[in-house]
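Trainee: sequence-free structure coming up:
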C-alpha cells in the first residue's frame with residue numbers, strides 16, 4: 001500500500017544538475033519527511049508542470065541554462081501567486097538575495113548551508129502554504145454554510161449552529177499535518193471529534209488513543225516511543241511505541257493538560273523535530289502519525305501557574321476546536337434523548353419507551369455537569385428500570401436532586417453579584433415575583449418543574465401565582 005504523501009500538495013525541485021536534485025530529494029525525504037516531491041532538470045518545463053499539477057512550493061536553482069532562476073521566479077509569481085518559491089544558489093550574494101526577495105521569493109538559501117537550516121526553511125514554507133489553503137477552505141465552507149462530509153459527524157447528535165461551525169472548521173483543517181487541540185469539559189464528545197478528524201484526514205493508518213494523565217516520565221516515554229531489547233531491566237524483547245503503531249494514521253493524546261513537566265519537554269521535541277528515539281536506541285525514527293491532543297483542563301490557567309509549558313501550548317494551538325458544554329446547546333436535548341432511548345432499548349433488548357413530554361422541559365432546567373455522557377447514563381438507567389409504555393421520570397428526578405444537593409463549584413476569583421450595579425435594591429416581593437416569572441419561563445409553564453427550581457412545593461407555587469393574578 002502506498003504511503004501518505006507529505007505535504008498534500010507537490011514540492012517541485014528545479015535544478016539542471018541531477019546529482020544535486022537526488023541529494024536534495026534524499027535530504028528532504030529523510031530528515032524532513034517531505035515525500036511529495038517532483039524533480040525537474042529543464043527550466044523550460046517548469047511552467048507546464050505548474051499548470052498540470054497541484055504544486056504549492058518550488059525550490060529553484062538560481063543559475064541554469066535556458067531560463068535563469070530569477071526569470072522563472074518572475075514568471076511563477078505573475079502566473080501562480082499562490083505558489084511559494086525558495087531560491088537556492090551556489091554563491092552567497094547579498095544583492096542577488098535581496099533582489100529575489102523583492103521579486104517575491106519566500107526565502108533564499110546557499111546550497112552549502114547546513115542541512116537542518118534548509119529543511120527548517122522548507123518546512124516553514126510548507127506550513128505557510130498549508131495555512132493559506134486552510135484559510136481559503138474555511139472561508140468557502142462558511143460562505144456556503146454546508147458540510148462536504150456530513151456523514152463523518154453522524155455519531156455527534158446535534159442541530160446546534162455553533163457545533164456546525166466547528167464541523168466546518170474541522171473539514172478545513174483535517175488534511176493538515178499540524179497538531180489539533182480539542183478542548184471542552186468532560187463528556188462533551190472530544191473522542192468522537194478525534195475520530196471525525198481521523199476519518200476526514202483519510203489516513204491509511206489507525207487511530208491510536210493514549211490517556212497520558214498520571215503517567216510518569218519513564219512510562220510516558222516507553223508508551224510513546226517504545227524500546228529496544230535490553231533498554232532496561234526486564235526489557236527482554238523490543239516493543240513498538242504508540243507512535244509507531246499509529247504510523248500513517250492519527251495519535252490521540254488524551255488529557256494532555258495533566259502531562260507532567262518532563263514529558264512535556266519530550267512531546268515538544270517530538271513535535272518540533274518530527275522524530276524520536278526508542279528507549280535504548282541511538283537510531284532516530286520518523287514520526288508519520290498526525291497528532292491530536294485533547295483536554296478538559298484550562299491550559300491558559302495552567303500556563304499562568306507554571307504547570308504547562310508556553311512553547312508546547314503554542315505548538316499545539318495552531319489548530320484548536322473548543323466543544324461547548326451541553327448546557328449551552330440545550331436545543332439538542334430532545335435529539336439526544338431520542339437517540340439514547342433507542343440505543344439503550346436496543347442494547348437492553350427492550351421496546352423503545354415513550355418519554356413524557358415534560359421530560360425534555362425538566363432536562364432543559366438542569367446544568368448537566370457531566371454533559372452528554374451524563375445524559376446518556378441517565379437514559380440507560382431509566383430504560384433499565386422501565387416497565388410500562390410511558391417512561392418514568394422518577395430516576396431522572398432522583399439523579400438531578402442528588403446533583404443539586406452536591407453541585408460542582410466553579411473556582412472563580414470573583415463571584416458575580418446581580419445587585420451590585422443597582423443604585424437601589426428591589427424589595428423581597430419584587431425579587432420573588434421575578435424569580436417566579438423566570439422559573440415559569442424556564443419550565444415552559446410547568447408548575448411542578450418550576451416549583452422544583454424554586455425549592456418550594458407545587459401547591460405553594462400555585463397559591464403564589466393565584467395571589468399575583470388577583
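Mentor: Noted; the coordinates are in hand. Being a predicted model, the structure only gives us computed values, none of them experimental.
Trainee: Go ahead and name everything in contact with stretch 134-143.
Mentor: Contacts made with stretch 134-143 from outside it, assessed by CB atoms under 8 Å, 6 or more residues apart in numbering, are listed as 147-148, 165, 168-169, 171-173, 176. The C-beta positions use only the backbone N, C-alpha and C, and glycine is treated the same way.
Trainee: Now secondary structure too, for those, in JSON lines please.
Mentor: Listed next are the contacts of stretch 134-143 as JSON lines, based on DSSP: H, G, I helix; E, B strand; the rest coil:
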{"residue": "147", "secondary structure": "coil"}
{"residue": "148", "secondary structure": "coil"}
{"residue": "165", "secondary structure": "helix"}
{"residue": "168", "secondary structure": "helix"}
{"residue": "169", "secondary structure": "helix"}
{"residue": "171", "secondary structure": "helix"}
{"residue": "172", "secondary structure": "helix"}
{"residue": "173", "secondary structure": "helix"}
{"residue": "176", "secondary structure": "coil"}
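Trainee: and which of these is nearest to residue 430?
Mentor: Each of these was scored against residue 430 by CB to CB, and residue 165 proved nearest at 39.8 Å.
Trainee: Could you tell me how far stretch 36-56 lies from the centre of the chain?
Mentor: Mean C-alpha position of stretch 36-56 versus that of the full chain (CA atoms, centre = their mean, to the nearest Å) differs by 34 Å.
Trainee: Check what pLDDT residue 377 gets.
Mentor: In the predicted model, residue 377 carries a pLDDT score of 94.
Trainee: tell me which element it is part of?
Mentor: Taking DSSP states H and E as the definition, one finds residue 377 inside helix 371-385.
Trainee: on contacts alone, who are the packing partners of that helix?
Mentor: For helix 371-385, the elements it packs on are helix 333-348, helix 394-405, judged by 3 or more CB pairs under 8 Å, 6 or more residues apart in numbering; DSSP states H and E.
Trainee: how about the helix ranked longest in the chain: buried residues?
Mentor: Scanning the chain for the helix with the most residues, using DSSP state H, yields helix 115-144. Residues 118-119, 121-123, 125-126, 129-130, 133-134, 137-138, 141 are the ones in helix 115-144 that count as buried (16 or more other CB atoms under 10 Å).
Trainee: ditto for stretch 52-72
Mentor: Within stretch 52-72, the residues that qualify as buried by neighbour count (16+ other CB under 10 Å) are 55-62, 64, 67, 69-70, 72.
Trainee: which of the residues you listed lies closest to residue 442?
Mentor: residue 56 (52.5 Å).
Trainee: List the residue ranges of this protein that fall below the pLDDT cut-off.
Mentor: Judged against pLDDT under 70, the low-scoring parts of the chain cover residues 1-4, 142, 403-416, 470.
Trainee: Domain-wise, how is it divided?
Mentor: 10-135, 148-322, 326-405, 428-469 (automatic domain parsing).
Trainee: As a markdown table, the ones you listed with distance to residue 419 would be great.
Mentor: Converted to a markdown table, those look like this (distance: least, CB to CB, whole Å):
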| stretch | distance to residue 419 |
| --- | --- |
| domain 10-135 | 46 |
| domain 148-322 | 28 |
| domain 326-405 | 22 |
| domain 428-469 | 9 |
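Trainee: I'd like to know which of these is closest to residue 418.
Mentor: Shortest distance between residue 418 and these, using CB to CB, is found for domain 428-469: 9.7 Å.
Trainee: any idea how far that closest one is from the chain center?
Mentor: Domain 428-469 sits 43 Å away from the centroid of its parent chain (CA atoms, centre = their mean).
Trainee: ditto for stretch 256-276
Mentor: Stretch 256-276 sits 17 Å away from the centroid of its parent chain (CA atoms, centre = their mean).
Trainee: And stretch 284-292, by the same measure?
Mentor: The mean C-alpha position of stretch 284-292 is separated from the chain mean by 17 Å, CA atoms, centre = their mean.
Trainee: Pull the residues that contact that stretch.
Mentor: Counting by CB under 8 Å, 6+ apart, stretch 284-292 makes contact with 3-4, 6, 33, 177, 179-180, 182, 194, 197-198, 201, 203, 205, 208, 243-244, 246-253, 270-271, 274-278, all of which sit outside it.
Trainee: quick one: contacts of stretch 444-461?
Mentor: With contacts defined as CB under 8 Å, 6+ apart, stretch 444-461 is touched by 358, 361-362, 364-365, 397, 435-436, 439-440, 442-443, 462, 465.
Trainee: Can you lay out the residues you listed as a markdown table showing neighbour count, distance to residue 343 and secondary structure?
Mentor: Supplementary listing: the contacts of stretch 444-461 in a markdown table, determined by neighbours: other CB atoms under 10 Å; distance: CB to CB, whole Å; DSSP: H, G, I helix; E, B strand; the rest coil:
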| residue | neighbour count | distance to residue 343 | secondary structure |
| --- | --- | --- | --- |
| 358 | 14 | 22 | helix |
| 361 | 18 | 22 | helix |
| 362 | 21 | 20 | helix |
| 364 | 17 | 21 | helix |
| 365 | 17 | 24 | coil |
| 397 | 15 | 22 | helix |
| 435 | 13 | 37 | helix |
| 436 | 19 | 38 | helix |
| 439 | 21 | 32 | helix |
| 440 | 19 | 33 | helix |
| 442 | 15 | 28 | helix |
| 443 | 21 | 27 | coil |
| 462 | 14 | 38 | helix |
| 465 | 15 | 39 | helix |
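Trainee: Quick check on the nearest residue to residue 435 once chain neighbours are set aside: phi, psi?
Mentor: Excluding its sequence neighbours, the residue lying closest to residue 435 (CB to CB, 6 or more residues apart in numbering) is residue 454, at 6.4 Å. Recorded main-chain torsions at residue 454 are phi -90, psi -10, according to degrees, to the nearest 10.
Trainee: Give me the neighbour count for residue 454.
Mentor: Neighbours of residue 454 under the rule other CB atoms under 10 Å: 18.
Trainee: gap between it and residue 438?
Mentor: Using CB to CB, to the nearest Å, residue 454 is found at 9 Å from residue 438.
Trainee: Could you do residue 62 as well?
Mentor: Taking CB to CB as the measure, residue 62 falls 72 Å from residue 438.
Trainee: Now intersect the contacts of stretch 284-292 with the helices, please.
Mentor: Those of those mapping onto helices are 194, 197-198, 243-244, 270-271, per DSSP H.
Trainee: doesn't residue 294 fall inside a strand?
Mentor: Yes. In this structure, residue 294 lies within a strand as judged by three-state DSSP.
Trainee: starting at the chain centroid, how far to the strand or helix carrying residue 13?
Mentor: When secondary structure is defined by DSSP H and E, residue 13 falls within strand 10-14. In terms of CA atoms, centre = their mean, the gap separating the centre of strand 10-14 from the centre of its chain is 30 Å.
Trainee: and it, what does it pack onto?
Mentor: With 3+ CB pairs under 8 Å, 6+ apart as the test, strand 10-14 has helix 18-29, strand 37-40, helix 46-52, strand 55-61 packed against it.
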